[in-house]
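Engineer: Build me a structure from this.
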Amino acid sequence: MMPDYKETVLKYKDMVYRIAVAQCSCRQDAEDVFQDVFFKLYNLDGDFADEEHLKAWLIRVTVNCCKLLRRSAWFRKRTEFTEDIPADGTENTEERETAESVIAAVRGLPEKYRPIVVMYYYEEMSGGEIAAALKLNEATVRTRLKRARERLKKDLKGVFDDE
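Structural biologist: I've put the predicted structure just below:
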């Protein structure tokens, strides 16, 4: 089954972008990865067995593109622009600061934990689905998710009022 390209982009754009943002150091890199993933899909000659196969392929290609970006010489030799400028030109609100803290904490996780956290919490995928998409053992996914939660809890201590 070769899906309709436009429908596929509309259906999976948020998932691919969230995984890319979690894996990359900035939104611009995530946007580059997003483009690469859908460009590869557009140029793909093969077919997919079903919708789950397509979704797993998109996840795997997104993670791989992020890894390739981080290994590139350009990525290793650049410096970050550190001045905090709000994206919409408004003052930072408490809600935005909290969301930015969570995103920063997820980005601060080791590389092996990030896609699992994004897929579990943002894509609402089960451990089995994540294991299949990342070609990992389901017990490995559960262990990594547990360790990621522990690190996030430690890193986000004081960000939320209920802690």
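
Engineer: Which residue ranges of this structure form helices?
Structural biologist: Along the chain, counting by DSSP state H, helices occupy 5-23, 27-42, 51-71, 73-77, 94-107, 114-117, 127-134, 138-155.

Engineer: would CSV of those helices with mean neighbour count and mean pLDDT be doable?
Structural biologist: (C-beta placed from N, C-alpha, C; glycine too.) Formatted as CSV, the helices of the chain follow (neighbours: other Cβ atoms under 10 Å; pLDDT from 0 to 100):
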stretch, mean neighbour count, mean pLDDT
helix 5-23, 18, 90
helix 27-42, 17, 91
helix 51-71, 18, 88
helix 73-77, 8, 59
helix 94-107, 14, 78
helix 114-117, 23, 88
helix 127-134, 19, 88
helix 138-155, 15, 92
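
Engineer: For the residue nearest the centre of the chain, give its distance to Leu136.
Structural biologist: The structure's the chain has its C-alpha centroid closest to Ile19; by Cα atoms, centre = their mean the separation is 1.5 Å. From Ile19 over to Leu136 the distance is 15 Å, taken as Cβ to Cβ, to the nearest Å.

Engineer: can I assume the residue nearest to the centre of the chain is in contact with Tyr121?
Structural biologist: No: using Cβ atoms under 8 Å, Ile19 is not in contact with Tyr121, being 11.7 Å away.

Engineer: Quick check on Leu156: phi, psi?
Structural biologist: Main-chain torsions, Leu156, degrees, to the nearest 10: phi -100, psi 10.

Engineer: just to revisit the earlier point, look up the closest residue to the residue nearest to the centre of the chain, ignoring the ones flanking it.
Structural biologist: Using Cβ to Cβ, 6 or more residues apart in numbering and skipping residues adjacent in sequence, the residue nearest Ile19 is Thr62, 4.8 Å away.

Engineer: so how far is Arg96 from that neighbour?
Structural biologist: Thr62 is 25 Å from Arg96, by Cβ to Cβ.

Engineer: can you check Cys24 too?
Structural biologist: Separation of Cys24 from Arg96 (Cβ to Cβ): 20 Å.

Engineer: quick one: contacts for the residue nearest to Ile19?
Structural biologist: Neighbour list for Thr62: Val16, Ile19, Ala20, Gln23, Val33, Val37 [criterion: Cβ atoms under 8 Å, 6 or more residues apart in numbering].

Engineer: Output those residues in TSV, with distance to Pro110 appended to each entry.
Structural biologist: As requested, the contacts of Thr62 are exported to TSV (distance: Cβ to Cβ, whole Å):
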residue	distance to Pro110
Val16	21
Ile19	16
Ala20	17
Gln23	11
Val33	19
Val37	22
